[in-house]
Structures are given as structure tokens and as C-alpha cells.
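# Output the structure for:
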Amino acid sequence: MIISNQTCFVDTNVIVYAADTDSPFYVDCRQLIKQGIKCEVSLCVSPQVLFEFLAVITSPKRVVKPLKLDKAINEINKYLGYKNIKKIYPKNDIIKKTLELCKKYNIKGQEIFDVQIIATMLSNDVTKIYTYDKNHFERFKEKE
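Alright, predicted model coming up:
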């Protein structure tokens, strides 16, 4: 992971790995989140990634040791309480912006959720993302 001085969006997989002690990426992701909490880096999340986190971290099909629902919700509440990790929200143009990106990049199927992340980022002037799914976001020229 490369640390940036710009506000960077934190993708779902980073949040999942930061909570999954069995993940080989746990230490790096936990460190990034701690740096965000301490305001050493500027991080942001959206409701979408927090809900995706809940879906992934509680699923035995997605993680070796899924969290119980109460513990997963507690993790989300921590993010909501972190004052130095910004929360960004879809704006009124989210549907239009998402559909424009879908058309521009010929998006289909489950990729729509990544496009919605990009649209939310762009609506909030965020162009950088921390993710382990680089191939999901590489084609979008709008972000760095």
C-alpha cells in the first residue's frame, strides 16, 4: 500500500482485512486504519462499503471466521465514531453519475457496485482509493 497525503477512499476489502485477524493483509490494513484515526493520513468511507463490510464479515462463505452480527455492527459503529475518518455520502446526482459511468465503461452485472463507489467518490472530490481489488478500479480514468 502506498500512503497518500490526499483524502483516500477505503474500499470494503481493506475494512474487512482490518477486522479479520486471519487475513494475510490484517497488519497492513489495521495500520492504515490506525493512521487514519490518528489523522496521519486522510481516509474516508461511505455507507455502501460499511454495508458491504457487514455482508462479507458475517458470511462463512467469504471469511474463515465470520463475525457475529452484533460484533460486526459494533465495528461499523466504531467507523461512524472515528472523527478523523470522513464519511462521504452519495449526492443527488448519484444515479445519473453512476449510469453515465456504466455507459462510458460498458459496465454490467455486479460491477455496478464498484461504479457506484467511483461515482460517490467523484461526487465528493475524492480520486484515490485504497483497495486490494485494483483490477476492479483500474479502468476508471476519473480516479488515480
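
# residue contacts, the spatially closest residue to Val49 that is not a sequence neighbour?
The shortest distance from Val49 to any non-neighbouring residue, by CB to CB, 6 or more residues apart in numbering, is to Thr12 (4.6 Å). Placement of C-beta: from N, CA and C, glycine included. Going by CB atoms under 8 Å, 6 or more residues apart in numbering, Thr12 touches 49, 52-53, 56.

# now do Tyr130
1, 8-11, 14, 32, 43.

# are any of those buried, and which?
8-11, 14, 32, 43 (16 or more other CB atoms under 10 Å).

# Sitting in strands, which of those do you find?
In this view, those that belong to strands under DSSP state E are 8-10, 43.

# Looking at those, which is nearest Asn135?
Phe9 (16.5 Å; CB to CB).

# The closest one against Val41, yeah?
No. Applying CB atoms under 8 Å as the test, Phe9 and Val41 come out as separate, 11.9 Å apart.

# show me what contacts the nearest residue to Thr7 once chain neighbours are set aside?
Nearest residue to Thr7 in three dimensions, chain neighbours excluded: Ser42, at 4.1 Å (CB to CB, 6+ apart). By CB under 8 Å, 6+ apart, the contact set of Ser42 is 5-8, 36, 86.

# Quick check: the gap between Ser42 and Glu75.
For Ser42, the distance to Glu75 equals 21 Å [CB to CB, to the nearest Å].

# what does Leu43 give?
15 Å.

# swap in Val56?
11 Å.

# Need phi/psi at the residue nearest to Thr7.
phi -100, psi 110 (degrees, to the nearest 10).
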